[in-house]
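*Asks:* could you work out the structure for the sequence below:
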Amino acid sequence: NRGNAHQARGDHGSAAEDFKKAIELRGDNYQAWNNLGSAYMSLAENKLAIQALRKTLQFIPTHPIPLTNLVITENRICEWGRRRKHNAMLRTGLHNELAEGRALVTPFHALEFNFTSDECLQNTQAWSRKEDDSIS
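*Replies:* The predicted model follows:
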């Protein structure tokens, strides 16, 4: 998709425009909503990012990627009102990923999401396996 190509080149404004066009064509396109949120994050348009990411969660409420982006963005603007709820949702999603042997959170961000020391260790081990597999 052209939006992803723009995003990969660092042209986040053009990416956002393309993701908005995709949403106009199909309003339930959760990938476009998530990618729009990501583009807005890169543009430091935090409130718009939060709106897009919350829309994403209407379609995939427990998916760790939009939850991760949402928590990061809420932290950026100190929006603490929903932080606890979204952190809890994120932790559930991440536990599901860890149970399947996957880690989506870089070890650094695990601390930001208030992981316990055991959760940090499990996440780091899964992340390391993921990195090792990508090198092999």
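*Asks:* what's the one helix or strand H95 maps to packed up against?
*Replies:* Counting by DSSP states H and E, the element that carries H95 is helix 83-99. In terms of contacts (3 or more C-beta pairs under 8 Å, 6 or more residues apart in numbering; DSSP states H and E), helix 83-99 is packed against helix 64-76, helix 117-135. C-betas here are computed from N, CA, C, even on glycine.
*Asks:* between these, which gets the lowest average pLDDT?
*Replies:* Confidence, taken as mean pLDDT, is least for helix 117-135 of the helices and strands packed on helix 83-99 (a mean of 74).
*Asks:* what comes up buried for the helix holding H95?
*Replies:* Within helix 83-99, the residues that count as buried by 16 or more other C-beta atoms under 10 Å are H86, N87, M89, L90, R91, G93, L94, E97, L98.
*Asks:* my guess is the third one contacts T62. True?
*Replies:* Pointing back at M89 there. Yes: with contact defined as C-beta atoms under 8 Å, M89 counts as touching T62 (6.3 Å).
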